[in-house]
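1. Got a predicted structure plus its sequence, pasted below:
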Amino acid sequence: MDSIKNYQKKAIKHGVLGILVGMFAGVGLMFSFLGELSFWPMFSIPIEMNGDTTLWRGAHVGPILNGLMCILLSMSLSFLEPTEQQAHKICNYLSYMVWGNVIFYIARLWGTDNRGLAFGTEQFGAGNVFDFIAMVPAAVAVYWGIVACVMIVKLAAK
């Protein structure tokens, strides 16, 4: 049981780090929205942030929600009595999910009009290297997130 708790602690750590990234992206969201760094009443410095405000909003909220999901799902293992191997896999998959999505939300700030949602050209436009960097880990994150959720559902059905 101690090793299961260690896996849970590792997933919680990754979830909290993902939340932290989202909080820092919230600062970027603020600068994107305001377009300046203000030292009122003395002066302000104009700031032009890469990516539009909706992308910064996603970079703020997305990692926070993924981090929370990782924390909550890993904590649910305390009630579901997984084997040590199941807990290890689930906690690792949840951690992969957090970081794949964090990379997605951050990389798409430098992407093009397709916003990291496709590997190449599609109806919204052509992609660039940052769209590719966003899409690949997101695709992996979705897969591992689904696998972890299915494993948790199976444990809950016992």
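-> Received the coordinates, thanks.
2. Below-threshold pLDDT in this structure: ranges please.
-> 1, 119-120 (pLDDT under 70).
3. Longest helix in it, please.
-> Secondary structure assigned by DSSP state H gives helix 2-34 as the longest helix of the chain.
4. Mind giving me the packing neighbours of it?
-> helix 53-80, helix 84-107 (3 or more C-beta pairs under 8 Å, 6 or more residues apart in numbering; DSSP states H and E). For the C-beta atoms, the positions are set from N, CA and C on the backbone; glycine is no exception.
5. if I look at Lys154, how far off is Leu73?
-> Going from Lys154 to Leu73 by C-beta to C-beta, to the nearest Å gives 13 Å.
6. These two: which has the busier surroundings?
-> Leu73 (22 against 12; other C-beta atoms under 10 Å).
7. related to what we said a few turns ago, would you turn the helices and strands packed on helix 2-34 into CSV with distance to Lys9?
-> CSV is the format used below for these (distance: least, C-beta to C-beta, whole Å):
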stretch, distance to Lys9
helix 53-80, 9
helix 84-107, 9
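8. Please identify the most buried of those helices.
-> helix 84-107 (a mean of 22; mean count of other C-beta atoms under 10 Å).
9. and it with helix 2-34, angle?
-> Here helix 84-107 runs at an angle of 10 degrees relative to helix 2-34 (axes from the mean of the first three to the mean of the last three C-alpha atoms, to 10 degrees).
10. centre of the chain versus helix 84-107, how much separation?
-> 9 Å (C-alpha atoms, centre = their mean, to the nearest Å).
11. helices and strands around that helix, which ones?
-> helix 2-34, helix 53-80, helix 129-157.
12. residues in contact with Tyr7?
-> Tyr7 sits next to 74, 77, 84, 87-88, 90-92 when contact means C-beta atoms under 8 Å, 6 or more residues apart in numbering.
13. For Ile4, state which of these is nearest.
-> Minimum distance to Ile4 across the contacts of Tyr7 is 4.3 Å, recorded for Ala87 (C-beta to C-beta).
14. Great, nothing more from me.
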